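Colleague: Following is a predicted model, sequence given first.
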Amino acid sequence: MRKYLSYFICSSFSIMIFFMYSTLVFNEKLNKSPSVEKGVMDAFILPGVALVFFSIVFLTYSHGAFIKYRKKEFGLFMTLGLSNRDIRKIILAENGIIALASIATGIASGAIFSRVFFLLLTTIIDIKDIPFSINYKSFFVTLGVFGLIFAFLILVTEIITGGFEIVRLLKEDRTPSKNKVSNGGLALIGLLILVGALAILLITFDKYNDYRGKILLICTIGCLIGLYITISQLGSTLIRFSKKRKKYHKNMLLLTNLEYKFSQTKKIVFTVAIMVIVTIFYTSTCLYWFLFAEKDAVDNNKYDIAFVQTQEINNISTERINSLIYSKENPVTEHKTIEFIEVLDLREGRASKFIFSDDELNELTDLKIHVNRGKYIKLIFNNYPSEGDKSNVFKPVIILNESGKIMNYSCEKVLWKMPFNHLNYIWDNTMILNSDDYNRIKNDVKNTKLGNVQLFNFKDWKKTKSIVTRLREDLKKESKNIMHNGTAEGDYYAQAAYYNCASKVERYYFNKQGAGISFFLSTFIGVFFFIATIVVLFLRLYSEIDNEKIKYKKLFKIGIMDKEIRKSIARELRVLFFTPPVIGIIIGTVYLTTFATCDGGLKSGAFREMLKCDFVMSSAYLVFQGIYYFIAKKKYCDEIIESLNS
């Protein structure tokens, strides 16, 4: 009964988790709510992919363990006259019933707990106007996904059944899986590959911006290969190095058991380590985003509201702006207008240049610069550039036709600074010129457009959400027929990225909601991973418990005491339980460090804060793992001790 129940509970649990997740993904009111910032729902994609992938892995392992437990019984049935065809019928019937019962139970329990799941999420992201609902798509998608998984697993098992042999089936539980190659030197090679891949990732990721994707992919593949080799050879390596020490004979039982355990569980340890890496990295990152949503909004938006105006875009009247922005409830404390020139380079295919006067920027911002005549300073809106950013700066010569005279302006230097909010319309190709050159271009160069940047500060920026919403609607109407980079007419979301305003309050809510959803989902997936690892280890331990009872019964007859048995089991389980989390936490922290130090993370303080979040999540994981270890150890030891006198 335990074998059937274990498989049924594992399957039902996976389906329940998936169904609860799908109720959020397919909640149309949540997706279309104006209270949810645009783009926030994209946070569901990555956890969803991870959930599907590890659900497949988890169910595959549970199904494989169930079939393995049954093989000895299948061998017994075959000795009594059953054919392979009869065994296939048994497998189809058993797995079909368990699959249908699991899907029904999983969906039913998911429907019950999904409301609590929904309320927790809306509380974290501070949204209270969205009612809970379950879309019919959640039922069909869950049924379809897990129906296909079960069908595939049953089909594969039915095919494998054709190769069943009575002798092999009867010996299944006494046939351990061994490494084809057992060599301590191979473990050293695996460790070198692992450390080398992580070192290359740390050193090169921030320097080569254009190759980050390739670097991440190659180093991750190297890391996984090195990790698997190291884990698979860990037991033989412990034996090899321990033989050189005087205490080898005292710990011989422990070491030989660990060698056997690691050869038996290398795939489990490897999978659990990957789960921990993903959990620690993702939950720590999301926790950082959630806790520092306000700091990020303030750092990246010097003014509470900012937007660009030209003759073509956002050209609403001053009276209309005043009616939208000024109010007694939340008065404007500061208003600045900075003029700029948009001019096209003479060379075909060159993008527009956005030119500011050094005198005006010095007067209206905290910049203190002077530009020589005939030169320009390239302004890049970034306070903390990476080494890769600095090395990839394009500094072209600007060629302008000033009243029939060709003038060249060369780059004097690059200035990494954010004098005002990051506005996508002018963030690229922004130049600062000497005020005399600026005025001459303004008066003499043809095909120029005058524009200005409107900057506002308020008494309380957190209360400007309604102001920003009204302002966006008006700017949307004014710029609805303007297209940028091929965006379709009327595609407001695409246009808004270029023409609309940038505000602290929107960045804050986007960060808070996006990070809140991501942290909640990553924690939810992390709990699923943790429970999955518990179940996997539990199944693995109890699949071997009969052999362990026989082994310790023999040792008990030659004088080993209960206390020594408990100590031996505890030491084995300690290594088995804590090796994957420790390895996963170390590798996850290296990946987190890589991302935290790039793009100026050291200078901005993000690195320090992300490591604090990493410490919190790692400590929490180890605490829960420790609790489970003590519970499992006691139950496991008690069952073996009880068997000694039977």
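Modeller: In hand now; what should we look at? Residues are numbered from 1 along each chain as shown.
Colleague: how many other residues sit next to Ile432?
Modeller: 27 (other C-beta atoms under 10 Å). Every C-beta, even on glycine, is put in place using the N, C-alpha and C of the backbone.
Colleague: So in terms of bridging, what pairs with it?
Modeller: Phe356, Ile377 (DSSP bridges).
Colleague: per-domain residue ranges of this structure.
Modeller: 1-175, 181-299+504-646, 300-503 (automatic domain parsing).
Colleague: Dump these into a markdown table; add mean pLDDT as well.
Modeller: Rendered in a markdown table, the data for these read as follows (pLDDT from 0 to 100):
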| stretch | mean pLDDT |
| --- | --- |
| domain 1-175 | 80 |
| domain 181-299+504-646 | 79 |
| domain 300-503 | 79 |
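Colleague: quick one: Ile338 and Val453 touch, right?
Modeller: Yes. Here Ile338 reaches Val453: they are 4.6 Å apart, a contact under C-beta atoms under 8 Å.
Colleague: For those two, list the residues in contact with both.
Modeller: Contact criterion C-beta atoms under 8 Å, 6 or more residues apart in numbering; residues shared by Ile338 and Val453: Phe420.
Colleague: Those two: which is more packed in?
Modeller: It is Val453, of Ile338 and Val453, that has more neighbours when counted by other C-beta under 10 Å, with 23 against 19.
Colleague: what sits against the more buried one?
Modeller: Contacts of Val453 were listed using C-beta under 8 Å, 6+ apart, and they are 306-309, 337-338, 340, 420, 423, 426.
Colleague: Look up the residues forming beta bridges with it.
Modeller: With DSSP bridges as the rule, Val453 is bridged to Val308, Ile338.
Colleague: distance of it from Ile215?
Modeller: Taking C-beta to C-beta, to the nearest Å as the measure, Val453 falls 37 Å from Ile215.
Colleague: In terms of helices and strands, where is the most centrally placed residue in the chain?
Modeller: With distances taken as C-alpha atoms, centre = their mean, the residue of the chain nearest its centroid is Tyr282 (4.0 Å). Element membership for Tyr282 (DSSP states H and E) is helix 252-291.
Colleague: do the same with Tyr303
Modeller: Remark: Tyr303 resides in no helix or strand, with elements defined by DSSP H and E.
Colleague: all strands of the stretch 501-646 of the chain, in order?
Modeller: 502-503 (DSSP state E, counting those that start in this stretch).
Colleague: before we move on, the earlier item: now the contacts of Val453: which count as buried?
Modeller: 306-309, 338, 340, 420, 423, 426 (16 or more other C-beta atoms under 10 Å).
Colleague: Quick check: of the residues you listed, which lies closest to Ile98?
Modeller: Closest to Ile98 out of the buried ones among the contacts of Val453 is Leu423 (58.1 Å), distances taken as C-beta to C-beta.
Colleague: wait, what's in contact with that closest one?
Modeller: The contact partners of Leu423, taken as C-beta under 8 Å, 6+ apart, are 306-308, 453, 502.
Colleague: Toward the C-terminus, what is the element adjacent to the helix holding Tyr282?
Modeller: The first helix or strand that comes after helix 252-291 along the chain, using DSSP H and E, is helix 293-300.
Colleague: neighbouring contacts of that following helix?
Modeller: Helix 293-300 is touched from outside by 289, 383, 418, 421-422, 504-505, 507-508, 511-512, 515, 604, with contacts defined as C-beta under 8 Å, 6+ apart.
Colleague: burial measure for the residue lying closest to Asp562 once chain neighbours are set aside, as a count.
Modeller: Closest residue in space to Asp562, ignoring its immediate chain neighbours: Ile641 at 5.6 Å, by C-beta to C-beta, 6 or more residues apart in numbering. By other C-beta under 10 Å, the residues close to Ile641 number 16.
Colleague: my guess is Asn84 contacts Gly162, does it?
Modeller: Yes. Counting by C-beta under 8 Å, Asn84 touches Gly162, with 6.0 Å between them.
Colleague: Looking at those two, which one has more neighbours?
Modeller: Using other C-beta under 10 Å, the more surrounded residue of Asn84 and Gly162 is Asn84, with 15 against 10.
Colleague: give me phi/psi at that one?
Modeller: In terms of degrees, to the nearest 10, the main-chain angles of Asn84 are phi -60, psi -40.
Colleague: Relative to Ala99, which of the contacts of Leu423 is nearest.
Modeller: For the contacts of Leu423, the nearest to Ala99 is Ala502 (51.7 Å; C-beta to C-beta).
Colleague: In contact with that closest one, which residues are there?
Modeller: Contacts of Ala502 (C-beta under 8 Å, 6+ apart): 301, 305-307, 421-424.
Colleague: Assign Val343 to helix, strand or coil.
Modeller: Look at Val343: counting by DSSP: H, G, I helix; E, B strand; the rest coil, its state is strand.
Colleague: Excluding residues flanking it in the chain, which one is nearest it?
Modeller: Using C-beta to C-beta, 6+ apart, the nearest residue to Val343 is Thr448, at 4.6 Å.
Colleague: cool, and Lys368?
Modeller: Asn362 (6.1 Å).
Colleague: just checking, what packs against the one helix or strand that neighbour maps to?
Modeller: For Asn362, the host element (DSSP H and E) is helix 358-364. If contacts are counted by 3 or more C-beta pairs under 8 Å, 6 or more residues apart in numbering; DSSP states H and E, helix 358-364 sits against strand 332-344, strand 430-433, helix 435-444.
Colleague: Show me what the first one is in contact with.
Modeller: Outside strand 332-344, the residues that touch it by C-beta under 8 Å, 6+ apart are 303, 310, 325-326, 350, 352-357, 360-361, 364-365, 400, 420, 426, 438, 441-442, 445, 447-459.
Colleague: what separates the residue nearest to Asp562 from Tyr552, distance-wise?
Modeller: Ile641 sits 8 Å away from Tyr552, taking C-beta to C-beta as the criterion.
Colleague: Quickly list what's touching both of these two.
Modeller: By C-beta under 8 Å, 6+ apart, Ile641 and Tyr552 have these common neighbours: Ile565.
Colleague: how far away is the residue nearest to Lys368 from Thr142?
Modeller: For Asn362 relative to Thr142 (C-beta to C-beta), the value is 61 Å.
Colleague: for Asn439, same thing?
Modeller: Counting by C-beta to C-beta, the gap from Asn439 to Thr142 is 67 Å.
Colleague: Give the residue from those two that has the larger number of neighbours.
Modeller: A direct count of neighbours by other C-beta under 10 Å for Asn439 and Thr142 places Thr142 higher, at 22 against 14.
Colleague: Could you list every helix and strand in contact with the helix or strand harbouring the more buried one?
Modeller: Under the criterion DSSP H and E, the helix or strand holding Thr142 is helix 136-161. When contacts are defined as 3+ C-beta pairs under 8 Å, 6+ apart, helix 136-161 sits against helix 2-25, helix 45-79, helix 84-124.
Colleague: out of these, deepest packed?
Modeller: Among these, helix 2-25 has the highest mean neighbour count (mean count of other C-beta atoms under 10 Å), at a mean of 21.
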